[in-house]
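Chemist: here's a sequence, model it:
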Amino acid sequence: MFKRLKGRKLMTLLGIALITSVLLWGINHRVSAVPPKIYENLKIFTDVISIVEDNYAEDVDPKNLIYGAIKGMLLGLDPHSSFMAPDEYKEMQVETKGAFGGIGIEMGIRDGIITVIAPIEDTPAFRAGIKAGDKIVKIGDKPTKDMTINDAVKLMRGQKGTKVTIWIMREDFKEPQEFTLVRDIIAIKSVKYKTLEEGFGYVRIAHFQEKTTNELEEALNKLGSRDSKLKGLILDLRNNPGGLLQQAVGVADTFLESGLIVYTKGRSPGQDMKFEARADGTHPQYTIIVLVNGGSASASEIVAGALQDHKRAVVLGTQTFGKGSVQTIIPLGDGSAVRLTTSKYYTPLGRSIQAKGIEPDIVVGETIKEHIKEKELERHLEAEEVESPKEKKIKIEEKVVKEKEETEADMQLKRALDYLKSWYIFKETIKKES
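Modeler: Numbers count the residues shown, from 1 in each chain. Below is the predicted model:
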């Protein structure tokens, strides 16, 4: 499956701006003739380096100049392409394992400002009240205007017990507010579960990490999935920013016996891939409702889209984030790496999620304006129209008034459970009548 690239393997990633979604595969790569115009521009580049080295007020490290130039080059592409210095690349690899020192924030860039996509549950940021949509205007003494995601991550990461101060601007703030957070080990528990009522289970996936599919299997077994104890399941993917593609495929495969789960298409043939469900290990055909919202992105959208297209689950909530592009991580000789957008992914019926998101079958709750979307990120890849089978689709929009002290999340979960119970009652009634 792996192909050669000057003796190095490539790692292909699929995920949201900060969350790394890793898929190991090879890509076709060959050194082609460099057009004369590029050589002309490279001469300008080397001239500028020479001018800076000879005339700048202080001594400069040539490597910093080169790194800065590469960062600027990739910054001009799309919000998910970037350059990672050796320490940043190591951090990314640690992050995919689900444990790192920091404060627990998923971020994107909107209007040139680092903006919170979602705080991670049970982390310093979550406990301090950081919210989706908060603008981080300063980290320590450094303003974040035009700061890259990687630079922001570098400032906020650190050893457990150390402090970092961030300044937050929120819609109802008159001026930025100071939050001083104590860094902790962000060891994210991928899967949580509980029994809501007898026969009705709840599973929340916060991230797609190395052990997510195994943790899901364990959770389902404890809920009685294979013992005919489950009448219905709620799979909660709200505010799940993505993660490892292999795990998203594994989660969808858990509930699908066969058929396409997701496929990718890029300019290079090596980027065209298909992932199919297998019958081995598939769980029983009980009713499933998938909960999503504006914070559900990338790998979350793959799972929701696959289960929706196969009519294996009903999707309930609000429109998802809309991250449908694939990033390829190419390690470089000095330990650094390039993250480059190389293709887009599509649901089994050929829907492109890019800058669109997954549309729920049942819309419950209002789209929270604090939730930023892929289409609001600077330099995002545009949405595309893809021909897919025309189907008559039933869509339900609930206009519900929240009870006092009832949160949007509670409301969606409550409605999901009501639907599950109703369908089970109807099924039992039909059985009796026949």
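
Chemist: how about Lys163, what does it touch?
Modeler: Residues counted as contacts of Lys163 (C-beta atoms under 8 Å, 6 or more residues apart in numbering) are Thr180, Leu181, Val182, Arg183. In this view, the C-beta of every residue, glycine as well, is placed from N, C-alpha and C.

Chemist: what subset of those is buried?
Modeler: Leu181, Arg183 (16 or more other C-beta atoms under 10 Å).

Chemist: could I get the contacts of Lys163 as JSON lines with distance to Gly102 and secondary structure?
Modeler: As requested, the contacts of Lys163 are exported to JSON lines (distance: C-beta to C-beta, whole Å; DSSP: H, G, I helix; E, B strand; the rest coil):
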{"residue": "Thr180", "distance to Gly102": "14", "secondary structure": "strand"}
{"residue": "Leu181", "distance to Gly102": "9", "secondary structure": "strand"}
{"residue": "Val182", "distance to Gly102": "11", "secondary structure": "strand"}
{"residue": "Arg183", "distance to Gly102": "6", "secondary structure": "coil"}
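
Chemist: make CSV out of the contacts of Lys163 and add pLDDT.
Modeler: Converted to CSV, those look like this (pLDDT from 0 to 100):
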residue, pLDDT
Thr180, 96
Leu181, 96
Val182, 96
Arg183, 95
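
Chemist: going by distance to Pro124, which of the contacts of Lys163 wins?
Modeler: Set against Pro124, the nearest of the contacts of Lys163 by C-beta to C-beta is Leu181 (4.4 Å).

Chemist: make sure Val338 is actually in contact with Leu74.
Modeler: Yes: applying C-beta atoms under 8 Å, one finds Val338 in contact with Leu74, separated by 6.9 Å.

Chemist: pLDDT score assigned to Ser325?
Modeler: pLDDT, Ser325: 85.

Chemist: before we move on, what about Arg351?
Modeler: pLDDT, Arg351: 93.

Chemist: what is the burial count for it?
Modeler: For Arg351, the number of neighbouring residues by other C-beta atoms under 10 Å comes to 19.

Chemist: again, but for Met107
Modeler: By other C-beta under 10 Å, 23 other residues sit near Met107.

Chemist: I'd guess it is in a strand, am I close?
Modeler: Yes: assessed with DSSP: H, G, I helix; E, B strand; the rest coil, Met107 lies in a strand.

Chemist: related to what we said a few turns ago, in CSV, list the contacts of Lys163 along with distance to Ala219.
Modeler: Below are the contacts of Lys163 laid out as CSV (distance: C-beta to C-beta, whole Å):
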residue, distance to Ala219
Thr180, 36
Leu181, 30
Val182, 31
Arg183, 29
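
Chemist: out of the contacts of Lys163, who's nearest Asn150?
Modeler: Using C-beta to C-beta, those come closest to Asn150 at Arg183, 17.7 Å.

Chemist: can you tell me how far that closest one sits from Ile166?
Modeler: Here the criterion is C-beta to C-beta, to the nearest Å. By it, Arg183 lies 12 Å from Ile166.

Chemist: list residues touching both of these two?
Modeler: Looking at what touches both Arg183 and Ile166 (by C-beta under 8 Å, 6+ apart), the common residues are Ile103.

Chemist: below-threshold pLDDT in the chain: ranges please.
Modeler: 1-34, 95-99, 366-409, 429, 431-434 (pLDDT under 70).

Chemist: helices of that one, start to end?
Modeler: 36-55, 62-75, 86-95, 124-127, 149-156, 212-222, 245-255, 299-309, 408-433 (DSSP state H).

Chemist: so which of those helices is the most surrounded?
Modeler: helix 299-309 (a mean of 28; mean count of other C-beta atoms under 10 Å).

Chemist: gap between that one and the chain center?
Modeler: Once both centres are worked out by C-alpha atoms, centre = their mean, to the nearest Å, helix 299-309 turns out to sit 13 Å from its chain's centre.
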